[in-house]
Structures are given as C-alpha cells and as structure tokens.
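K.L.:
Everything below, folded, please.
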Amino acid sequence: MSVHADDEAFLRASRALTGIEELPPFLAGEYRERAIAVSGPAAVSALLAIPTPDLLTTIAATPAHRPVAEQIVMLWYASATIAVDGTFTFGTTRQYFAGQLWSVIQAHPPGLSGGYMGHWRYPPE
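P.N.:
The predicted structure follows:
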C-alpha cells in the first residue's frame, strides 16, 4: 500500500511525537485530515515542515506548534480530537480500535473483549 507524501510526512512527525515507530499507515491520511479540520491547514503544514530531528525542541520553543502536536498525539492514542471548548470528538470504530492507548496499557478497547465469556475474572498473562 503506497502512502501519499503528505501522509508520510504526517507519519514521520507522528512517530516523533508519540514515540511509537509502528503506527498504522492506513490511518495517516484520515488522521491528517482530522488534524487539519481542528487545527487548520496552515498550522498542520507548519508542524509537518519542521525537520523530524528538530521537532520536539522546536515545539518546546514555539508554543504555537503545541496545540497541533497535542491533537496529533490524541488522534494516535485515543482516536480523538479536542475542540477549543474541551469537547472530545472520536473517530470511526476502526480508528477507536486501532488506538495506541490499548497496547500501551495492555488492555483491549471497551466493547471489544476478544475473550471467552468470563475471561475477565482471570488476571492477564
């Protein structure tokens, strides 16, 4: 599956922001579009234009980049964006189940057990 150049830039920045190398490329375009919808195309483009090795230090030194970076991290971990009023907007079911949060906390997404009836009463392996 080929990834669009803008999506590849989004993936590079996302890897640096989340600290996760193995992000699902099929979500890059969807998350980039959602980040643009919340933060605006100019803000997202400005963040993606920062060279990856300088990304974190540039964000720390330039407060204007921080809200976009936060949106990107929220998208990958929780499939959510946060509006100015604090309202969370979650993505599709596919995005929710692909959230990186679940692997970090070593749990399954609520609503998708993947286990047999009663499996929850036993401690994880």
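K.L.:
What average pLDDT does stretch 76-86 get?
P.N.:
Across stretch 76-86, pLDDT averages out at 95.
K.L.:
quick one: buried residues of it?
P.N.:
Within stretch 76-86, the residues scored as buried using 16 or more other CB atoms under 10 Å are W76, Y77, A78, S79, A80, T81. Where C-beta positions appear, they are placed from N, C-alpha and C, glycine not excepted.
K.L.:
One more: stretch 40-53?
P.N.:
For stretch 40-53, using 16+ other CB under 10 Å, the buried residues are A43, V44, A46, L47, L48, I50.
K.L.:
Please convert the buried residues of stretch 76-86 to CSV, extending it with distance to A28 and secondary structure.
P.N.:
Supplementary listing: the buried residues of stretch 76-86 in CSV, determined by distance: CB to CB, whole Å; DSSP: H, G, I helix; E, B strand; the rest coil:
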residue, distance to A28, secondary structure
W76, 10, helix
Y77, 15, helix
A78, 16, helix
S79, 13, coil
A80, 17, strand
T81, 15, strand
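K.L.:
measure the residue nearest to the spatial centre of the chain to E22 for me?
P.N.:
Central residue of the chain (CA atoms, centre = their mean): W76, 1.7 Å from the mean position. Separation of W76 from E22 (CB to CB, to the nearest Å) stands at 11 Å.
K.L.:
Same check on R32?
P.N.:
18 Å.
K.L.:
hmm, back to that, in JSON lines, list the buried residues of stretch 76-86 along with distance to A5.
P.N.:
Below are these laid out as JSON lines (distance: CB to CB, whole Å):
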{"residue": "W76", "distance to A5": "19"}
{"residue": "Y77", "distance to A5": "25"}
{"residue": "A78", "distance to A5": "26"}
{"residue": "S79", "distance to A5": "24"}
{"residue": "A80", "distance to A5": "26"}
{"residue": "T81", "distance to A5": "23"}
